[in-house]
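Asker: Sequence and predicted structure, then a few things I'm wondering about:
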Amino acid sequence: MDTVEVREDFNRQLNQELMNAYIYLSMAAYFDSISLTGFAHYFKVQAREELEHAMKIYEFMADRGWRIELQTIPKPKANWSGVLEAVEDFLKAEEENTKRIWKMVDLARQAGDKAAENFLQWFVNEQVEEEKNASELQAKVKLLKDHPIGLLMLDRMLAERK
């Protein structure tokens with residue numbers, strides 16, 4: 001196995017990070033449309049994080065002289081049945097991203113690409129945090145299911161995310 005497969009995987013992940021940013025920006029727009037501006041802020045910050053992840057991959061690829069190929073990003077979902085469905089989609093997206101990162105690590109290891117494997121360790125650690133944040137948000141929303149005052153308090157807390 002050579003690094004061609006590793007390069008292709010990095011390109012796919014770069015585009016996936018951009019797609020996740022697009023999804024989270026769509027979630028922000030949804031929350032803005034229902035006047036949950038704290039949730040909207042939270043997902044705008046999340047979208048920026050995903051863009052930073054994409055740029056981290058981009059720079060690594062550029063540093064190695066790898067060809068970067070941007071792909072079409074499909075239109076993201078724009079509406080959810082409510083807050084819970086949106087945060088469940090957030091958690092699912094992060095869980096799927098974790099699986100992709102782990103597969104990338106395995107592929108880099110099989111290819112003997114130590115630089116790629118080492119680089120990806122940051123993403124492995126980052127995904128632990130991402131899944132934790134998404135899981136905690138889902139748990140809080142589930143807890144507040146039929147309590148609009150609690151949901152508004154959570155919305156206010158989320159507005160403080162840096």
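Answerer: That came in fine, so what should we check first? Numbering: from 1, shown residues only.
Asker: what's the average pLDDT for stretch 90-105?
Answerer: Here stretch 90-105 scores 98 as its mean pLDDT.
Asker: Correction: the previous question concerned stretch 146-162.
Answerer: 94.
Asker: Restrict that stretch to CA atoms and write it as PDB.
Answerer: Output in PDB follows, covering the C-alpha atoms of stretch 146-162 (Å, rounded to 0.1, in the frame of the first residue of the first chain):
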ATOM      1  CA  ASP A 146     -41.000  19.700  27.800                       C
ATOM      2  CA  HIS A 147     -39.600  22.600  29.800                       C
ATOM      3  CA  PRO A 148     -39.400  25.700  27.600                       C
ATOM      4  CA  ILE A 149     -38.000  27.900  30.500                       C
ATOM      5  CA  GLY A 150     -35.100  25.400  30.900                       C
ATOM      6  CA  LEU A 151     -34.500  25.400  27.100                       C
ATOM      7  CA  LEU A 152     -34.300  29.200  27.100                       C
ATOM      8  CA  MET A 153     -31.800  29.000  30.000                       C
ATOM      9  CA  LEU A 154     -29.700  26.600  28.000                       C
ATOM     10  CA  ASP A 155     -30.000  28.800  25.000                       C
ATOM     11  CA  ARG A 156     -28.600  31.700  27.100                       C
ATOM     12  CA  MET A 157     -25.700  29.500  28.300                       C
ATOM     13  CA  LEU A 158     -24.900  28.400  24.700                       C
ATOM     14  CA  ALA A 159     -24.600  32.100  23.700                       C
ATOM     15  CA  GLU A 160     -21.500  32.300  25.900                       C
ATOM     16  CA  ARG A 161     -19.500  29.800  24.000                       C
ATOM     17  CA  LYS A 162     -16.200  31.100  22.800                       C
END
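Asker: So for it, what gets flagged as buried?
Answerer: L151, L154, D155, L158 (16 or more other C-beta atoms under 10 Å). Heads up, the C-betas are built off the backbone N, CA and C, glycines and all.
Asker: Kindly report the same for stretch 128-137.
Answerer: For stretch 128-137, burial by neighbour count (16+ other C-beta under 10 Å) applies to E130, N133, A134, L137.
Asker: Over to stretch 102-109?
Answerer: For stretch 102-109, using 16+ other C-beta under 10 Å, the buried residues are M104, V105, L107, A108.
Asker: can you redo those residues as TSV with secondary structure?
Answerer: Formatted as TSV, the buried residues of stretch 102-109 follow (DSSP: H, G, I helix; E, B strand; the rest coil):
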residue	secondary structure
M104	helix
V105	helix
L107	helix
A108	helix
